[in-house]
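>>> no sequence on this one, just coordinates:
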């Protein structure tokens, strides 16, 4: 990821020819961010895309949803999102299993230890 | 297809508690999944593109495009948070025996330094080691959960970016073509307007009035000529009659 400072990002937005209210809202959001991280970039990207979409809509330009290329690209995106979602879910399941194993392992170790302690006390007595 | 926004419905913001209804919700989600599978063939019969994808999926896609990608972020962050809650519950649940909870390894070491060797028995040290070991593993799992979130987020954003780039490029091309056409139309319309304007100018110009006046004047000027011609004819008639 290329780097950009908060100041540079602010200047880029200031230079945009967009509605003042919208521009101020975006600038406020950037100002309030502690750093330029992925969350801020993701949010900003989404806002800019919305402006692009509105611009096209105002110009009367729409997506051609019947275009096979559009449909293929859309499917590709949804497949990738599904794959990401599945990957995430599988990863979480594995982690759940590991958490359970760590918990069970720790409990077993404790039981063993407490049994040994009890045994030792009996022997001492 | 599960409604991903409700994948971790039991998670409450700022809380690491796991909602006891979570399992029930999951079962509900699985039922929804079955419902979608049943709906898909029906949708395919109708034949449109979105319907072929299945109504639920199309609806999700539509909502995704409309609302942005907050849902995934919410899902993965709540997933990571849920995992954290589970880990912490596990940590406190399993390792919360009062005597064990108190005697951390550092505490044991401090006591040892102070010469209270008698207090430091082997079992306490071992308990502290078990607790520390488990804690480290839990921490590792929490980090892994956050890693999963970040990877899923980046992957989804990359897919969305790619699709947006495609749409933007297609619409930009379309707009360029449309702009050229509109310019041509506008130029033609402007030519037509120029012609009409010229026509109006000509119609309303003083020049036309002057031309009418001149014409009228000329007509008047022609009257003597006409009289002369009649006179001439009369003269000729008289001559023939002689």
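Arrived safely. Just so we're clear, the structure is a prediction, and the values are computed from it rather than from any experiment.

>>> Wondering if the lengthiest helix in chain B reaches chain A at all.
In chain B, taking DSSP state H as the definition, the longest helix is helix B:122-204. Yes: Helix B:122-204 is in contact with chain A by C-beta under 8 Å from any C-beta of the partner chain, via B:123, B:126-127, B:130-131, B:133-134, B:137-138, B:141, B:144-145, B:148-164, B:166-168, B:170-171, B:174-175, B:178. The C-beta positions use only the backbone N, C-alpha and C, and glycine is treated the same way.

>>> Tell me which helix or strand comes right after that helix, heading toward the C-terminus.
Using DSSP states H and E, the next helix or strand after helix B:122-204 towards the C-terminus is helix B:206-241.

>>> Neighbours of the closest residue to residue A:6 other than its chain neighbours, how many?
Distances taken as C-beta to C-beta, 6 or more residues apart in numbering or on different chains put residue A:36 closest to residue A:6, at 5.6 Å, once the chain neighbours are dropped. Residues lying near residue A:36 (other C-beta atoms under 10 Å in any protein chain shown) number 18.

>>> Residue A:85 now?
20.

>>> do you know how far it is from residue B:199?
Relative to residue B:199, residue A:85 is positioned 67 Å away (C-beta to C-beta, to the nearest Å).

>>> go on, residue B:124?
Taken as C-beta to C-beta, the span from residue B:124 to residue B:199 is 107 Å.

>>> Of the residues of helix B:122-204 next to chain A, keep whichever come out buried.
B:123, B:126-127, B:130-131, B:134, B:137-138, B:141, B:144-145, B:148-149, B:152-153, B:155-157, B:159-160, B:163-164, B:166-167, B:170-171, B:174-175 (16 or more other C-beta atoms under 10 Å in any protein chain shown).

>>> care to break chain B down by domain?
Using automatic domain parsing, the domain parsing of chain B gives B:1-67, B:69-204, B:205-242.

>>> who's in contact with the residue nearest to residue A:109 when sequence neighbours are not counted?
Nearest residue to residue A:109, sequence neighbours excluded (C-beta to C-beta, 6+ apart): residue B:130, at 4.8 Å. Residues in contact with residue B:130 (C-beta atoms under 8 Å, 6 or more residues apart in numbering or on different chains) are A:106, A:109-110, A:113, B:95.

>>> Looking at residue B:130 now. What's its pLDDT?
Here, the pLDDT recorded for residue B:130 equals 82.

>>> Pretty sure residue B:164 sits against residue A:49.
Yes: using C-beta atoms under 8 Å, residue B:164 is in contact with residue A:49, at 5.4 Å.

>>> May I ask you to name the longest helix in chain A?
Longest helix in chain A by number of residues (criterion: DSSP H): helix A:68-124.

>>> tell me the angle of that helix relative to helix B:122-204?
Interaxial angle of helix A:68-124 relative to helix B:122-204 (axes from the mean of the first three to the mean of the last three C-alpha atoms, to 10 degrees): 160 degrees.

>>> Quick check: which helices or strands does helix A:68-124 pack against?
With contacts taken as 3 or more C-beta pairs under 8 Å, 6 or more residues apart in numbering or on different chains; DSSP states H and E, helix A:68-124 sits against helix B:55-67, helix B:70-94, helix B:122-204.

>>> Any chance you could list what contacts the helix or strand in which residue A:39 is found?
Here residue A:39 sits within helix A:38-58, counting by DSSP H and E. The contact list for helix A:38-58 (C-beta under 8 Å, 6+ apart) reads A:1, A:9, A:18, A:22, A:26, A:29-30, A:33, A:62, B:68-69, B:73, B:150, B:153-154, B:157, B:161, B:164, B:168, B:171, B:175.
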